[in-house]
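Visitor: My questions concern the predicted model and sequence given below.
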Amino acid sequence: MQPRAIAELSTGERRAFFDRDSGVESAREDVREILPRVREEGDVAVREFSKEFDDVDVANIDVTAEAERAVEDVDDDTLELIRDAVEKIRAFHERQRPDDWREQFEDREL
């Protein structure tokens, strides 16, 4: 099969190309199952998913303890600035996140 530009596709081929299922709903279902487990079980769930998806055995995830120790070395004013920046960055990006990755177009012939 020879690659073709979108402009070379028939109307039906273009519609099929843009309407195809890219597996997004399946991925969303997986994420709906994964996130609650990670929130509830933390590192235990991350280790299990690392084994399931990547075939990697993770012995220890010690990022949290290391981060907590590092915080002790930072003065209160700097910590407050960092927390404020995190809050602003998170809020900024939350506003940018679309409800759905697919953009809606008016129903018209391509």
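Guide: Cool, got the structure. Numbering: from 1, shown residues only.

Visitor: ranges for the helices of the chain?
Guide: Secondary structure of the chain (DSSP state H): helices at 11-19, 24-41, 43-54, 63-71, 76-96.

Visitor: Pick the most deeply packed of the ones you listed.
Guide: Greatest average neighbour count among these goes to helix 43-54 (a mean of 13), per mean count of other CB atoms under 10 Å. For glycine as for every other residue, the C-beta is placed from the backbone atoms N, C-alpha and C.

Visitor: quick one on the thing from earlier: I'd like to know which of the helices of the chain lies nearest to residue 2.
Guide: helix 11-19 (13.4 Å; CB to CB).

Visitor: Quick one: the helices of the chain as CSV, columns for mean pLDDT and distance to residue 5 too.
Guide: Shown next, in CSV, are the helices of the chain (pLDDT from 0 to 100; distance: least, CB to CB, whole Å):
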stretch, mean pLDDT, distance to residue 5
helix 11-19, 81, 11
helix 24-41, 88, 25
helix 43-54, 90, 35
helix 63-71, 78, 46
helix 76-96, 92, 31
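
Visitor: Chain neighbours aside, what residue packs nearest to residue 49?
Guide: residue 34 (6.3 Å; CB to CB, 6 or more residues apart in numbering).

Visitor: So that neighbour versus residue 53, what's the distance?
Guide: Separation of residue 34 from residue 53 (CB to CB, to the nearest Å) stands at 9 Å.

Visitor: Are there residues contacting both of the two? Which ones?
Guide: Between them, residue 34 and residue 53 share no contacting residue under CB atoms under 8 Å, 6 or more residues apart in numbering.

Visitor: What is the burial count for residue 58?
Guide: The burial count assigned to residue 58 is 13, neighbours taken as other CB atoms under 10 Å.

Visitor: And the pLDDT at it?
Guide: Model confidence at residue 58, given as pLDDT, is 84.

Visitor: For it, list the residues it contacts.
Guide: Taking CB under 8 Å, 6+ apart as the test, what residue 58 contacts is 46-47, 50-51.

Visitor: please redo it, this time with the cut-off set to 10 Å
Guide: By CB atoms under 10 Å, 6 or more residues apart in numbering, the contact list for residue 58 reads 43, 46-51.

Visitor: Now do the end-to-end distance for stretch 33-49.
Guide: Taking CA to CA, to the nearest Å, the first and last residues of stretch 33-49 lie 11 Å apart.
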